Every structure is written in structure tokens, then in C-alpha cells.
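Asks: After the sequence you'll find the predicted model.
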Amino acid sequence: MSNAHTHSFDEADWPFDEPVNTATFTTRHVMDGSLPVLEVFHDHDGEWQFLCGTTTEQADVKLVCMGCVLERDASLFGLADLPPGWCADRAAPGESWIRDVFPQENDDENESEEVESDEAFSRMSAAEFESFIDSAVAELSRKQDALISEHGFGSFARWFFDQANEKIEMFDEDDRKLFEADVIDIGSYARNSSTWKWAWSNESVLPALREKSAALKVLERTTGRRLFIVPEAFKLDEECMAWELAALGVQLLSAMGVYRAPDSAGRLNTFLAVTAVRLAAAA
């Protein structure tokens, strides 16, 4: 596609691997400004699609310069690192992008072995998924308040995560144990790379904890979103999304709340679902 025209942004700051004038798919509604981009696909073959989410009819689809699409919405530049085979959607402009994996067309026969073929399966829309997350976050907020007010979370000098016994221990300034809590490892967030990794796929987590964490894979069936079964670390657009994934885990596990355990360098936060709390005297 010819690049005889210019764009409103500085092309020297173009963040995508593809040239600014790469041909990409969008809809006439996006190009005439009547609808925003709500769905972005980075196809397995490397092509990009920036869609409004309302139509894929051939008459509505347009093949245009990639730069011409992106200059209409600066938030699209934040998806430059979306890997091939991934998509991102949002409920509305200004909302967070939710990244997810999408299968190749010939992968339909290779769905997870954990899925029964006769089960109904549908994918939540971005708005439905946001509502699902909001409900879990609100529930987690109430549970966190209870952990603080009823069990003294936050009133300790140091903590220790005992993977072998699947618990965390909390100590005061005199190194006396205040209480201990049974936990299930949900996952970890690496701040330097802004990536999340599920505990069930993390080789640094002991097998027994990984097995319990694997229960979270059922969220893929609940939501229709494949990010819950992705074994590799994947990008989160915002750090708060790590708390959102933890909230979904706490809700599914019927846990009491979550403890975010930072490493000594402050670069990695491990999110642990708290399933029981015991005072030290009763331990």
C-alpha cells in the first residue's frame, strides 16, 4: 500500500513491527468515525484487524492503511506488543483492553481435553466480562476488609511463605508468630515485564500447590476466554488487572481473601488465596 499520505502522529515513534502503511482490516464505521475500535486481532499469520465489534459483513469491511486507523485512537498504540494469535477487546473507549488468545480456525477439534464436547460454550462479551470482574473485585474488597478487621492482616512485621505446608506465617517485631493461614497460589505478576503467570504452570511452585491452582482453569469455560488456560506468562495492560485475576480466583475458590506476597526485590508479586486463618496459640 502506498504511503503517499501523512499522519497526525510522529511516525518516528511508530511502535509496531509492521510498517506504518501496512494494509490492515477495519470497518467503514471505524473509518467514518461513527463507531470506535473495540476489538483488535493480531492474526496467526501476522495480519492485524481493528474492528468495531458490530459487523464482519463483507460490505462493511475495509482494507486500509494501518496508520490511518491508529491515528483515530491513541490507545491502540498500546497494543503494539500484542503477539500473533492474540486479540484484545474492551467494553468502551477509555476502558482497559482485555487481552486473550484466540484459536486458529482448524483448532476447533483440539479444544482442551478437560472440556466435555456436549457442554454449552460461549464467550462473554467485553462488557459482560468487565461486569463479571467488577463483581469479583467488589466481593474481594469486602473479604480483604474482614481479613484486616477480624484476623489482623496488615499488623505484622514479616511473613514467610511455606510452600511445602501450603501456608503463610505472620510474625511481629519480636519475631513471635501471630498467626498462620492456609493458602492456594493463584499466580504471580512480574512488574518489570508487566506479565502474569498462573501458578499451575509455574515450575517454581511445588506440585501439590500447582494441582490445587489448576482448579482455576474452569474459568475458561465460565467466561469463554482462553487466557485462563494459557501456560506462558502473558502481558497485562495495567497492574490492577493482576488484582482482578486474583479476585476471580478468590471467588472461584470460595477463599477468605488474598495475600499479595512481594519478593525481596519488589519485582514479583505472588497472589495467594487465603482459605483458613489460625491464631498462633491455636496452631
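Replies: Received it, and whenever you're ready, just let me know what you need. Numbers count the residues shown, from 1 in each chain.
Asks: what's the next secondary structure element after the longest helix seen in the chain?
Replies: For the chain, the helix with the greatest residue count under DSSP state H is helix 126-151. Going down the chain from helix 126-151, the next helix or strand is strand 158-162, by DSSP states H and E.
Asks: Packing partners of that next one?
Replies: On a contact count with 3 or more CB pairs under 8 Å, 6 or more residues apart in numbering; DSSP states H and E, strand 158-162 meets strand 167-171, strand 257-262. Glycine gets a C-beta too; all of them are placed from N, C-alpha and C.
Asks: out of these, which comes closest to Gln58?
Replies: Nearest to Gln58, of all the helices and strands packed on strand 158-162, is strand 257-262, at 46.9 Å by CB to CB.
Asks: That closest one vs strand 167-171, what angle?
Replies: Angle, strand 257-262 to strand 167-171, by axes from the mean of the first three to the mean of the last three CA atoms, to 10 degrees: 70 degrees.
Asks: Parallel or antiparallel, list what pairs with strand 257-262.
Replies: Strand 257-262 has its sheet partners listed here by DSSP bridges as strand 268-279 (antiparallel).
Asks: Which strands or helices does the top strand by length along the chain pack on?
Replies: Using DSSP state E, we find that the single longest strand of the chain is strand 177-190. Here strand 177-190 touches strand 167-171, strand 195-198, helix 207-213, helix 240-253, strand 257-262, strand 268-279, going by 3+ CB pairs under 8 Å, 6+ apart.
Asks: how does it look with 7 Å?
Replies: strand 167-171, strand 195-198, helix 207-213, helix 240-253, strand 268-279 (3 or more CB pairs under 7 Å, 6 or more residues apart in numbering; DSSP states H and E).
Asks: Can I get these in CSV including mean pLDDT?
Replies: Below are these laid out as CSV (pLDDT from 0 to 100):
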stretch, mean pLDDT
strand 167-171, 94
strand 195-198, 98
helix 207-213, 97
helix 240-253, 97
strand 268-279, 96
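Asks: between these, which one is nearest to Ala261?
Replies: strand 268-279 (4.5 Å).
Asks: Report the buried residues of the closest one.
Replies: Neighbour counts using 16 or more other CB atoms under 10 Å place Leu268, Asn269, Thr270, Phe271, Leu272, Ala273, Val274, Thr275, Val277 of strand 268-279 among the buried residues.
Asks: and of those residues, the nearest to Val61?
Replies: Nearest to Val61 among these: Phe271, at 40.5 Å, using CB to CB.
Asks: what separates the closest one from Pro19, distance-wise?
Replies: Separation of Phe271 from Pro19 (CB to CB, to the nearest Å): 40 Å.
Asks: Return the closest of the buried residues of strand 268-279 with respect to Ala91.
Replies: Relative to Ala91, and with distances defined as CB to CB, the nearest of the buried residues of strand 268-279 is Phe271, at 23.9 Å.
Asks: Skipping its backbone neighbours, what lies nearest that closest one in space?
Replies: Leaving aside its sequence neighbours, Phe271 sits nearest to Ala246 (CB to CB, 6 or more residues apart in numbering; 4.0 Å).
Asks: Quick one: residues contacting that neighbour.
Replies: Listed by CB atoms under 7 Å, 6 or more residues apart in numbering, the contact partners of Ala246 are Ile186, Val258, Phe271.
Asks: Export these as a markdown table, with columns for distance to Ser125.
Replies: Output for the contacts of Ala246, formatted as a markdown table (distance: CB to CB, whole Å):
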| residue | distance to Ser125 |
| --- | --- |
| Ile186 | 25 |
| Val258 | 27 |
| Phe271 | 26 |
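Asks: about what we covered before: out of the helices and strands packed on strand 158-162, nearest to Leu76?
Replies: Of all the helices and strands packed on strand 158-162, strand 257-262 sits nearest to Leu76, with 30.8 Å by CB to CB.
Asks: quick revisit: nearest approach to Cys52 belongs to which of the helices and strands packed on strand 177-190?
Replies: Between Cys52 and the helices and strands packed on strand 177-190, the tightest spacing by CB to CB is seen for helix 240-253, at 23.6 Å.
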